[in-house]
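Asker: Got a predicted structure plus its sequence, pasted below:
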Amino acid sequence: MDRLRAFEVFVTVVNRGSFARAADALDTSPANVTRYVNELEAHLGTRLLNRTSRKLSLTEGGETLYARCSTILEDVAETEGLVSTTSIEPRGRLRINAPVTFGILHLAPLWPQFMQKYPDVELEVALIDRVVDIVEEGFDLAIRISRAGTADHAARKLATSRNILCASPDYLGRWEHPQTPADLARHRCIGYSYSATGDEWQLIDSNGKTHAVEVNCHMRTNNGDTARAAALAGQGVIWQPTFMIGDDLRAGRLVRVLPEFRLPDIDVLALYPSRRHVSAKVRAAIDFLVDAFAGVPPWDRA
């Protein structure tokens, strides 16, 4: 049995969801696809796929093998690309992770352009707010919104987003405007669960001095859209990045609070596992995003 070919057939069956569609993709017969999967199961001594008349599903062993085989096949393709002039063009499956809101607002409009430019790249975009382990979870590239960057992976900066302290005109009409950072302790605040400093908000004055204040968060959320919605409804003061609230500030739906102070900026980063042997598809995606966000980022444009 050609095990590498068997791995390719098995992965294609899973990706396509049926033996017939896998056969079409591999330009072979369904019987040949079935033979490879049966031989692979016999070789390993375990069932890999649960088959019904309607659908296929992976067994526990199948899930493990699928994850490893996908990585093996991608490594083989990348290795061939290092020495083959015919593989310079980006191709193959590209798995990308990004935060939910940023992915919807600022990445989703770009992917059709990328797909048109690189038709041989098969995109798989997963929007997840938690910090994923890109190696462990099998991502080629992750878009990370971070103040600290990373020491674990290679990274390239795509853009900067400012953090803005703000509230709705309705809220500020009912509560006295804060005049100093300490005044925030008397206000209703909406906190972000993933904030590195928790309920301690840090504001920087014009001299670069940091003022830390412990705020009263009557609501906390791990989702920026939820915090924004509460602020728009007049429920308190928030700090959020301009990539999320830039339009609200321009339209006057939200108003800056303590505008003479600023919060630390955050970077939009493209993370990838290693600077060595960067595949053509990953390099193409990073270069594409760098060009898309060049200059003043879209969320800070007038």
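Answerer: Good, I have the coordinates.
Asker: drop to CA atoms for contacts and neighbour counts, all remaining ones
Answerer: Fine.
Asker: just the helices in the stretch 1-150 of the chain please.
Answerer: Assigned by DSSP state H, counting those that start in this stretch, the stretch 1-150 of the chain shows helices spanning 3-16, 19-26, 30-44, 60-83, 100-102, 111-117.
Asker: Quick check: which of those helices is nearest to Q202?
Answerer: Minimum separation from Q202 across those (CA to CA) falls at helix 100-102, 23.2 Å.
Asker: So, low pLDDT: which residues of the stretch 51-200 of the chain?
Answerer: 53, 78-87, 147-152 (pLDDT under 70).
Asker: hmm, try it at 80
Answerer: 52-55, 74-88, 146-153, 194, 196 (pLDDT under 80).
Asker: can you give me the strands for the stretch 101-250 of the chain?
Answerer: Ranges of strands within the stretch 101-250 of the chain are 121-127, 141-146, 154-161, 163-167, 188-192, 200-204, 210-214, 216-221, 238-241, based on DSSP state E, counting those that start in this stretch.
Asker: picking up where we left off before, reformat the helices of the stretch 1-150 of the chain into TSV and put distance to V132 and mean neighbour count next to each item.
Answerer: Formatted as TSV, the helices of the stretch 1-150 of the chain follow (distance: least, CA to CA, whole Å; neighbours: other CA atoms under 10 Å):
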stretch	distance to V132	mean neighbour count
helix 3-16	22	18
helix 19-26	30	18
helix 30-44	31	16
helix 60-83	16	15
helix 100-102	13	18
helix 111-117	21	13
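Asker: Same list (the ones you listed) but as JSON lines, adding distance to L258.
Answerer: Below are the helices of the stretch 1-150 of the chain laid out as JSON lines (distance: least, CA to CA, whole Å):
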{"stretch": "helix 3-16", "distance to L258": "52"}
{"stretch": "helix 19-26", "distance to L258": "59"}
{"stretch": "helix 30-44", "distance to L258": "64"}
{"stretch": "helix 60-83", "distance to L258": "50"}
{"stretch": "helix 100-102", "distance to L258": "25"}
{"stretch": "helix 111-117", "distance to L258": "37"}
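Asker: Can you tell me which of the ones you listed is nearest to D133?
Answerer: It's helix 60-83; of the helices of the stretch 1-150 of the chain, that one is closest to D133 (CA to CA) at 14.5 Å.
Asker: Show me what the closest one packs onto, helices and strands only.
Answerer: The contact analysis (3 or more CA pairs under 8 Å, 6 or more residues apart in numbering; DSSP states H and E) places helix 60-83 against helix 3-16.
Asker: roughly how far is the helix it packs on from the heart of the chain?
Answerer: In terms of CA atoms, centre = their mean, to the nearest Å, the gap separating the centre of helix 3-16 from the centre of its chain is 27 Å.
Asker: I'd like the strands of the stretch 101-250 of the chain written out as TSV, with mean neighbour count and distance to D248 added.
Answerer: Formatted as TSV, these follow (neighbours: other CA atoms under 10 Å; distance: least, CA to CA, whole Å):
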stretch	mean neighbour count	distance to D248
strand 121-127	16	23
strand 141-146	22	20
strand 154-161	20	15
strand 163-167	23	10
strand 188-192	23	17
strand 200-204	18	21
strand 210-214	16	25
strand 216-221	15	19
strand 238-241	23	11
